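Participant: coords below, sequence missing:
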């Protein structure tokens, strides 16, 4: 804990300096005025070297994952998918719950810190992202000490959800804050002038603009929850065992095939959930047409005349 506090000092100083520097600048790129379309880079001497570099990096990543997938199907080692299936289900369930909660809280905190002025705003800004600077092992120990007396949560699934939510929420907050800093305040002011309250403006104007930030926050939170090790290694229990601790146990027992099989399942599950999240977000926040009924017919009649 003492070493963790020493690590917190430079992290907090760097964060405060960054906030001080960012607040002095304007990053507004989304306004109510029309803007020029994005221009793509088409020069061959730039495009093809970058493509080759990305291809090499992608090949290395595919090689890593391919090795794990191949190892999970090697017959001489054997695979037993029944062993530890509960831990995989626990990781998916708790990770999904914490991702949704963390994504929503992250967007709300980003909104009230980037677009609102009130007493205690700076404290909320620092406290909301301070969790990210704490080492995961120290975080797990602190949760054991904090929730093992009057409010006994150790050994439960709730304490794992809390750890996942507050550990990964800073990324959603920073992503949402960065997006909100690019949105001109005049857009919300126009909504207020037309009679909308703050909640309606946030739900119908600001939140759709935060679609990408919200999605990235949920995906990041879910991915980190599924793959978390250091923060939960002291918090798992026989009832709430997670797949990452199971993989380390299998690896320690030299059961490499089963460990590789679980890693492969984790990758597949993450890809499936990313696709589901993307589809849901696009469906829920898709713009809806509000053209008056019969508007097209009226325009046609005028044209004919």
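Facilitator: Yep, it's here. This one's a predicted model, so the numbers in the text were calculated from it and none came from an experiment. Residues are numbered from 1 along each chain as shown.
Participant: Give the helix, strand or coil label for residue 231.
Facilitator: coil (DSSP: H, G, I helix; E, B strand; the rest coil).
Participant: For residue 192, give me its contacts.
Facilitator: Residue 192 makes contact with 198, 201 under the criterion CB atoms under 8 Å, 6 or more residues apart in numbering. In this view, the C-beta of every residue, glycine as well, is placed from N, C-alpha and C.
Participant: Pick out the residue closest to the middle of this protein.
Facilitator: Taking CA atoms, centre = their mean, the centroid of the chain lies closest to residue 217, which sits 2.2 Å from it.
Participant: in a strand, that's where that one is, yeah?
Facilitator: No - using three-state DSSP, the assignment for residue 217 is helix, not a strand.
Participant: Find the nearest non-adjacent residue to it, please.
Facilitator: residue 172 (2.8 Å; CB to CB, 6 or more residues apart in numbering).
Participant: Can you name the residues that contact the one you found?
Facilitator: Residue 172 makes contacts with 102-103, 105-107, 110, 213-214, 216-218, 220-221, as judged by CB under 8 Å, 6+ apart.
Participant: secondary structure element for it?
Facilitator: Take DSSP states H and E as the rule and residue 172 turns out to sit in helix 157-181.
Participant: which sections of the stretch 201-305 of the chain are below the confidence cut-off?
Facilitator: 281, 284-305 (pLDDT under 70).
Participant: Spell out, range by range, the helices that occur in it.
Facilitator: Using DSSP state H, counting those that start in this stretch, the helices of the stretch 201-305 of the chain run over 207-209, 211-227, 243-252, 256-284, 295-304.
Participant: Highest mean neighbour count across those, which stretch is it?
Facilitator: Highest mean neighbour count among the helices of the stretch 201-305 of the chain (mean count of other CB atoms under 10 Å): helix 211-227, with a mean of 21.
Participant: ok, and what's touching that helix?
Facilitator: 91-92, 94-96, 98-100, 102-103, 106-107, 110, 164-165, 167-169, 171-173, 175-176, 178-179, 207, 243-244, 266, 269-270, 273-274, 277-278, 281-282, 285.
Participant: can you tell me how far the residue nearest to residue 217 sits from residue 206?
Facilitator: 15 Å (CB to CB, to the nearest Å).
Participant: Could you do residue 160 as well?
Facilitator: For residue 160, the distance to residue 206 equals 31 Å [CB to CB].
Participant: Out of those two, name the residue with the larger neighbour count.
Facilitator: The neighbour comparison of residue 160 against residue 206 (other CB atoms under 10 Å) goes to residue 160, with 28 against 22.
Participant: right, and residue 168 touches residue 102 too?
Facilitator: Yes - using CB atoms under 8 Å, residue 168 is in contact with residue 102, at 5.5 Å.
Participant: so residue 233 makes contact with residue 137?
Facilitator: Yes - checked against CB under 8 Å, the pair residue 233 and residue 137 is within contact range at 7.3 Å.
Participant: Let me see the ranges of the helices in the stretch 1-150 of the chain.
Facilitator: Taking DSSP H, counting those that start in this stretch as the test, the helices found in the stretch 1-150 of the chain are 2-23, 44-71, 85-114, 121-130, 136-146.
Participant: ok and the last one relative to helix 2-23, angle-wise?
Facilitator: The one in question is helix 136-146. Interaxial angle of helix 136-146 relative to helix 2-23 (axes from the mean of the first three to the mean of the last three CA atoms, to 10 degrees): 110 degrees.
Participant: Quick check: buried residues in helix 136-146?
Facilitator: Of all the residues in helix 136-146, those buried under the rule 16 or more other CB atoms under 10 Å are 136, 138, 139, 140, 141, 143.
Participant: which other helices and strands contact that helix?
Facilitator: The contact analysis (3 or more CB pairs under 8 Å, 6 or more residues apart in numbering; DSSP states H and E) places helix 136-146 against helix 157-181.
Participant: Which positions in the helix it packs on come out as buried?
Facilitator: 157, 159-177, 179-181.
Participant: picking that back up, and residue 261, which of the helices of the stretch 1-150 of the chain is closest to it?
Facilitator: Closest approach to residue 261 among these is made by helix 44-71 (8.3 Å; CB to CB).
Participant: ok and the closest one relative to helix 256-284, angle-wise?
Facilitator: Using the same axes, to 10 degrees: helix 44-71 against helix 256-284 is 130 degrees.
Participant: just how off-centre is helix 44-71 within its chain?
Facilitator: 24 Å (CA atoms, centre = their mean, to the nearest Å).
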